[in-house]
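**Student:** Whatever this is, show me its structure:
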Amino acid sequence: MTSVLISGASIAGPALAFWLARRGVDVTVVEKSHTLRGGGYPIDIRGTALGVVDRMGLLPRLREAHVDTRRITFLNADGSTVASIRPDAIAGGDGSDLEVRRGDLAEILHDTVRDDVEFLFDNSIVALHEHPGGVDVTFRSGLQRTYDRVIGADGLHSTVRSLVFGAEEQFHRYLGYCFAGFTLPNHLGLRQEAVMWNEPGRAAALYAVGAGESVHGFLSFGLAEAPFGAFRDPDAQRDLVASVFEGDGWEVPGLVKAMNEADDLFFDTVSQIRMPQWSSGRVALAGDAAHAPSFLTGQGSSLALVGAYVLAGHLDDFAAYERVMRPFVLANQDLVDVGNAELFPGTAEALAARNEALRSRETLPAEAARPEHSALTLPDFS
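**Tutor:** Below you'll find the model as predicted:
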């Protein structure tokens, strides 16, 4: 029986484990966190990815978990309203898209495979040695095992990628923005909606998934160079964000205070991973580890789901996996470019133009789904 080790238990990892287990593969998933992280900010499943979750039999559960954000309200610097519009008027959609909390999707995937797959939580890969008989793996706990294949599905800052392909910086395409996400009390009473405040180069947002007592807070800003030194230093992250938003109005001071007190702060750059190849020998990458498109495209989770399906079907031919997936990935990565995010205009002129465009969309019907979302027809591996 073929044995496969997957690093990462978020989305791409468990989705890949599902398809491999169905094909009779002996699968182990290692995850550095102590447990799955539930809840979290919403992500989208759309286009080709809807076909994947349908084939997995997960559509009913995901429809139950659908968030259904009703509106996004954009604010001026003084807190006055620019426009209040439907989310699909920005992202595009045909009414079939699903919006679920990232943690809810991870939990549903885990529930689907946990009886067929070995999970090693609170552990990680520290060394890989490939030889003709397989890949010897050393784990942080000291455990040592040999697998036929190793798959890195461990995110933007992938450990497997760094061990096999080298430093992240050579593949990291920084798009010019950073963001901090955290939870805070819902003192504005928001319900199934988001509110975004802007100044040139800066944005603050509150995102209410339901009508609960807490909301997701986001502070995003433009920065010329990626702050690689802050990735593993929460104090440096908080200091950087606080300095950028110092003196701003609306609810921003409260958001900065909440960020400083939050125990769930998530800080990162808005970036893509672009690599000439996603595999080397018996090791391959999946999801954001291989081809992060950035959250500005809204396609990270969808690409992870589709890539997991394609990789499972081509486990013995990584080159075929890349031939099928790469055009689809590039089409979606190309939806955004460096410094041109519509949500975060960098100048007063660009902000005014964006606001005028938003006002015009208030009365427009929802945009059709973007062709890039469905640019790949799923292969049939049955």
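**Student:** in this protein, which ranges drop under the pLDDT threshold?
**Tutor:** Applying pLDDT under 70 to the chain flags the ranges 38-39, 89-95, 339-340, 362-369.
**Student:** Show me what counts as buried in the longest strand anywhere in the chain.
**Tutor:** Assignment by DSSP state E gives strand 172-185 as the longest strand of the chain. Within strand 172-185, the residues that qualify as buried are 172, 174-184, counting by 16 or more other Cβ atoms under 10 Å. C-beta coordinates here come from the backbone N, C-alpha and C atoms, glycine included.
**Student:** Rebuild those as JSON lines, extending it with distance to residue 116.
**Tutor:** As requested, the buried residues of strand 172-185 are exported to JSON lines (distance: Cβ to Cβ, whole Å):
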{"residue": "172", "distance to residue 116": "35"}
{"residue": "174", "distance to residue 116": "39"}
{"residue": "175", "distance to residue 116": "38"}
{"residue": "176", "distance to residue 116": "42"}
{"residue": "177", "distance to residue 116": "39"}
{"residue": "178", "distance to residue 116": "39"}
{"residue": "179", "distance to residue 116": "36"}
{"residue": "180", "distance to residue 116": "37"}
{"residue": "181", "distance to residue 116": "32"}
{"residue": "182", "distance to residue 116": "35"}
{"residue": "183", "distance to residue 116": "33"}
{"residue": "184", "distance to residue 116": "38"}
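**Student:** Identify, from these, the entry nearest to residue 237.
**Tutor:** residue 180 (6.6 Å; Cβ to Cβ).
**Student:** thinking that closest one is in contact with residue 218, fair?
**Tutor:** Yes - counting by Cβ atoms under 8 Å, residue 180 touches residue 218, with 7.1 Å between them.
**Student:** tell me the helices in the stretch 51-200 of the chain, going along the chain?
**Tutor:** For the stretch 51-200 of the chain, helices defined by DSSP state H, counting those that start in this stretch occupy the ranges 59-64, 88-91, 102-113, 159-165.
**Student:** Dump those into a markdown table; add mean neighbour count and distance to residue 131 as well.
**Tutor:** Shown next, in a markdown table, are the helices of the stretch 51-200 of the chain (neighbours: other Cβ atoms under 10 Å; distance: least, Cβ to Cβ, whole Å):
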| stretch | mean neighbour count | distance to residue 131 |
| --- | --- | --- |
| helix 59-64 | 14 | 41 |
| helix 88-91 | 19 | 46 |
| helix 102-113 | 20 | 29 |
| helix 159-165 | 21 | 14 |
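**Student:** out of the ones you listed, which comes closest to residue 341?
**Tutor:** helix 88-91 (11.5 Å).
**Student:** burial of the residue lying closest to residue 267 once chain neighbours are set aside, as a residue count?
**Tutor:** Nearest residue to residue 267, sequence neighbours excluded (Cβ to Cβ, 6 or more residues apart in numbering): residue 237, at 4.0 Å. The number of residues packed near residue 237 is 20, by other Cβ atoms under 10 Å.
**Student:** and residue 300, how many neighbours does it have?
**Tutor:** 25.
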